[in-house]
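**Student:** no sequence for this one, just the structure:
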């Protein structure tokens, strides 16, 4: 068993979760990822599905999204889910489709979203530090039980620290990219 690959895999999950999570934060332009994971209570609330499982979502220029439900009977359910969501966009039903006009972000909204990104990023950095600390603690226990040598312990600790640093840099780069998208006018 390679403890560094376990560490790497758990940190990769954290980074990937962050990337997915940040997709739902609005930027100045339309993107299907903004609403694709909204949970819709369809068919009278008997079924909970993500929006992308109920409809196709396409961009219509830089400031609009068009939602085309697979089943026209779910239009009201989708509309209700969008209205209840935190994105703050009012859907317009036009026949068998829903149109979302994405208004430009105000400076106040931009700052709020940037702050939210910062909070989510810090949360993930803490998770990576916790992973690193847990792996180091397990390593120390293995060393004390004489399962690994002191040289091996130091080598693995160094690898884990390097990987940890690399993941922290990747998270920072994800943050910088998302903040630049939010600031973009």
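**Tutor:** Nice, thanks for sending it over. Not measured: the values here are computed from a predicted model.
**Student:** Can you verify residue 57 is assigned to a strand?
**Tutor:** Yes: assigned with DSSP: H, G, I helix; E, B strand; the rest coil, residue 57 falls within a strand.
**Student:** any idea of the pLDDT on it?
**Tutor:** We have a pLDDT of 90 for residue 57.
**Student:** and it, what does it touch?
**Tutor:** By C-beta atoms under 8 Å, 6 or more residues apart in numbering, the residues touching residue 57 are 32, 35, 36, 51, 65, 66, 67, 68. C-beta: built from backbone N, CA, C; applies to glycine.
**Student:** who are the neighbours of the longest helix out of those in the chain, in terms of helices and strands?
**Tutor:** Criterion DSSP state H: the longest helix present in the chain is helix 107-144. The contact analysis (3 or more C-beta pairs under 8 Å, 6 or more residues apart in numbering; DSSP states H and E) places helix 107-144 against helix 3-23, helix 150-183.
**Student:** ok, then the element right after the first one?
**Tutor:** It refers to helix 3-23. Scanning forward in sequence from helix 3-23 by DSSP states H and E, the next helix or strand is strand 39-42.
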